[in-house]
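Student: Let me see the structure of the following:
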Amino acid sequence: MSLHFQASLRRLLRLRQSLERQEEMKLSLAAARLNAARAGLEQARAAGQQQQQALRIALTDQLSGAELQVAMLQRQADTGREQRLQAKMAELQTAHAEQTQTLLGRTRDRKILDLLQAHCQKIERRNQLRREQAALDEAFLLGKQK
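Tutor: You can find the predicted model right below:
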């Protein structure tokens, strides 16, 4: 009975380890996506600041109304793109946090089985030592009787 339990426990532990590795990979992917979104947002902000600086410089020169209108439309497009990137980043942060929680759950499940397996091994070793000691005691008593 104990060996059957050990075999099923080992299979379950391997499954939990596999699930934990999958969740770790998913978390890595979520982190990479989040970092890419942050980099994209920073690039968009930097580009917007450069365009604003260029517009300020151009305003010191004389610009036509059409050029000012194009600059304003570009700024609106940049603002819209930045807002979409911020929304995407918030979504990715939520996904990252959820994946972190999922991984923590999988890790907890695996650690429970690790502890159970270690406890079972400890009991098995203790029982083995008791059997060995009983055999030694018996051999000693038999040797004493002769």
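Student: Work out for me the element Thr107 sits within.
Tutor: helix 65-145 (DSSP states H and E).
Student: counting contacts, what elements does that helix pack onto?
Tutor: helix 2-60 (3 or more CB pairs under 8 Å, 6 or more residues apart in numbering; DSSP states H and E). (C-beta placed from N, C-alpha, C; glycine too.)
Student: For the helix it packs on, name the packing helices and strands.
Tutor: Helices and strands touching helix 2-60, by 3+ CB pairs under 8 Å, 6+ apart, are helix 65-145.
Student: What is the distance between the helix it packs on and the centre of its chain?
Tutor: The chain centre lies 7 Å from the centre of helix 65-145; the measure is CA atoms, centre = their mean, to the nearest Å.
Student: report the angle between the axes of it and helix 2-60?
Tutor: 160 degrees (axes from the mean of the first three to the mean of the last three CA atoms, to 10 degrees).
Student: Name the nearest residue to the spatially most central residue of the chain, ignoring sequence neighbours.
Tutor: By CA atoms, centre = their mean, the chain has its centre lying nearest to Leu27, at 3.2 Å. Leaving aside its chain neighbours, Leu27 sits nearest to Gln99 (4.7 Å; criterion: CB to CB, 6 or more residues apart in numbering).
Student: I'd say the one you found and Lys26 touch.
Tutor: Yes. At 5.4 Å, Gln99 counts as touching Lys26 under the criterion of CB atoms under 8 Å.
Student: residue contacts, the residue nearest to the centre of the chain?
Tutor: Counting by CB atoms under 8 Å, 6 or more residues apart in numbering, Leu27 touches His96, Gln99, Thr100, Leu103.
Student: Now do the third one against Glu24, distance only.
Tutor: As judged by CB to CB, to the nearest Å, Thr100 and Glu24 stand 11 Å apart.
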